[in-house]
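Enquirer: Sequence below, structure please.
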Amino acid sequence: MDERALLRTLTKVVTTLSAEEVEFAVAGGFAVYARGGPPSEHDVDIFLSEQDVETATRALVAAGMRPEDPPENWLRKVYDGNVLVDLIFRPNYRGNMAELLARAEPLRIGPALAPVLDATDLMVDKLLVLTAHRCDFTPLLPIARGLREQIDWDRVAAETAGSPYAQAFLALVEGLSVAEVPAAGVGAPDTAEGNRR
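Expert: So this is what the prediction gives:
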């Protein structure tokens, strides 16, 4: 996907949602990019509260985007031409969206200034996606390296304690001296069977 097209779509989404006073945070690849990691190459991911999904969808459609109802019950999709925008309101079935949005901070992404997901929340989200059928650590290593000083590895270990795939990745991060990762937190929720974005 052309990076310029992705940035144009991101800017349109940020401008539209801000004008509607929808609370949101840029997530996924663009959040990684804003925080100094590799650039996004796929789509635009936006975190927002479930109560704001309809308002956000209507506003983006009014701005010229095309809606799509996916089978998943944790997101809504809209398209800006060929660029996919995921409006995610229940990432990995975590119920703390208000906390995730509160930790976001405004950062520059190309021409847009937007709230961007916290680096720790980004890493947790990416690790909770891992499954037996989706267990490629290759794209995660540059993210861990690029964002390592912004990440609270204690919290990552605690919040991903229920996922053996996440724990394997954290052992790799420790073994490669990317970061010092503590043992998994005691009593952390079992997230291994969460949704698989």
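
Enquirer: Stretch 73-84: which residues count as buried?
Expert: Across stretch 73-84, burial judged by 16 or more other CB atoms under 10 Å covers 74-78, 80, 83-84. Just so you know, the C-beta spots here come from the backbone N, C-alpha and C atoms, and that holds for glycine as well.

Enquirer: neighbouring contacts of the helix ranked longest in the chain?
Expert: Assignment by DSSP state H gives helix 3-19 as the longest helix of the chain. Outside helix 3-19, the residues within contact range by CB atoms under 8 Å, 6 or more residues apart in numbering are 24, 26, 30, 39-41, 43-44, 46, 48, 56, 59-60, 63, 65, 80-83, 85, 109-114.

Enquirer: What's the ChimeraX line that selects buried ones from the residues you listed?
Expert: With 16+ other CB under 10 Å as the criterion, this ChimeraX line picks the buried residues out of the contacts of helix 3-19:
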select :24,26,30,40,43,44,46,48,56,59,60,63,65,80,83,85,109,110,112,114
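
Enquirer: from the contacts of helix 3-19, which ones fall inside helices?
Expert: Using DSSP H, those in helices are 30, 56, 59-60.

Enquirer: Can I get the residues you listed in a markdown table including pLDDT and distance to residue 127?
Expert: Formatted as a markdown table, these follow (pLDDT from 0 to 100; distance: CB to CB, whole Å):
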| residue | pLDDT | distance to residue 127 |
| --- | --- | --- |
| 30 | 94 | 18 |
| 56 | 98 | 26 |
| 59 | 98 | 32 |
| 60 | 98 | 29 |
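
Enquirer: And those, which two are furthest apart?
Expert: Using CB to CB, the two most remote members of those are 30 and 59, lying 18.9 Å apart.

Enquirer: show me what contacts residue 48?
Expert: Going by CB under 8 Å, 6+ apart, the list of residues near residue 48 reads 17, 22-25, 56, 87-89, 97, 101.

Enquirer: Rank the residues you listed by pLDDT and give me only the lowest.
Expert: When the contacts of residue 48 are compared on pLDDT, residue 97 comes out lowest, with 92.
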